[in-house]
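Engineer: what follows is a predicted protein model with its sequence.
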Amino acid sequence: MDDSKIIELFFLRNEDAIRHTHDIYGRRLFILADNIVKDDQDAEESVNDTYMKAWDTIPPQKPTHFFAYLAKICRNFALDKLDWKHAAKRNAEVVSLTQEMELCIPDVRHNRNMEAKELGRILDAFLRTLPEENQLVFLRRYWFVDTIAEIAARYNISESAVNMRLNRTRTKLRAYLAKEGIRI
């Protein structure tokens with residue numbers, strides 16, 4: 001069943017929408033959540049919360065890119081769960097990723113002049129300047145929270161090549177943001 005038919009089921013308030021969503025995207029959503037929370041039960045809970053949020057928001061929302069819509073919801077639930085579980089002791093992998101990106105991206109919470117949506121638009125434009133393989137590596141690392149080893153295996157390249165691509169991409173991102181008038 002294709003995405004438009006599943007979304008139509010959501011609009012009809014047909015519970016088969018959840019079943020079809022799970023059948024098609026459940027495994028991918030679980031992997032996304034598990035990469036963040038590193039716990040099967042918490043990942044499963046994040047996925048189930050995603051289904052409920054989709055049920056509550058479709059309609060009125062009618063996502064054009066259904067998996068991206070679900071992935072964003074799932075990622076937010078997983079990150080919230082990680083924050084809640086590790087309030088005192090932060091997950092080293094996520095802290096490491098955050099520290100890497102802090103060198104490139106301003107914290108919009110502290111810079112009232114920078115709106116999060118504007119930063120998202122700029123990041124999207126930046127990613128479009130990259131070759132597709134560098135886009136994918138960057139997104140796998142910073143959106144899907146894949147490890148360097150997982151990215152290397154996925155794209156059949158060495159871990160040092162992954163690290164090099166990420167370092168060069170972050171350097172380009174800093175320069176791109178500076179060109180856009182954004183100070184880090």
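Structural biologist: Cool, the structure landed.

Engineer: quickly list the domain ranges of the chain.
Structural biologist: 3-85, 92-179 (automatic domain parsing).

Engineer: tally of neighbours for R141?
Structural biologist: Residues within reach of R141, counting by other C-beta atoms under 10 Å, total 22. Using the backbone N, CA and C atoms, a C-beta is placed for each residue, glycine as well.

Engineer: might you report the residue contacts of it?
Structural biologist: Residues near R141 by C-beta atoms under 8 Å, 6 or more residues apart in numbering: L97, I148, I151, V162, L166.

Engineer: quick one: the helix or strand containing the third one to chain centroid distance?
Structural biologist: Okay, so that is I151. Element membership for I151 (DSSP states H and E) is helix 148-155. Relative to its parent chain, helix 148-155 has a centroid offset of 17 Å by C-alpha atoms, centre = their mean, to the nearest Å.

Engineer: before we move on, what about stretch 80-87?
Structural biologist: Computed by C-alpha atoms, centre = their mean, the chain-centroid distance of stretch 80-87 equals 17 Å.

Engineer: what's the average pLDDT for that stretch?
Structural biologist: Stretch 80-87 carries an average pLDDT of 75.

Engineer: ok, and which of the domains of the chain has the densest surroundings?
Structural biologist: Mean neighbour count, computed with mean count of other C-beta atoms under 10 Å, is highest for domain 3-85 among the domains of the chain, reaching a mean of 17.

Engineer: can you give me the end-to-end span of that one?
Structural biologist: By C-alpha to C-alpha, to the nearest Å, the extent of domain 3-85 from end to end equals 33 Å.
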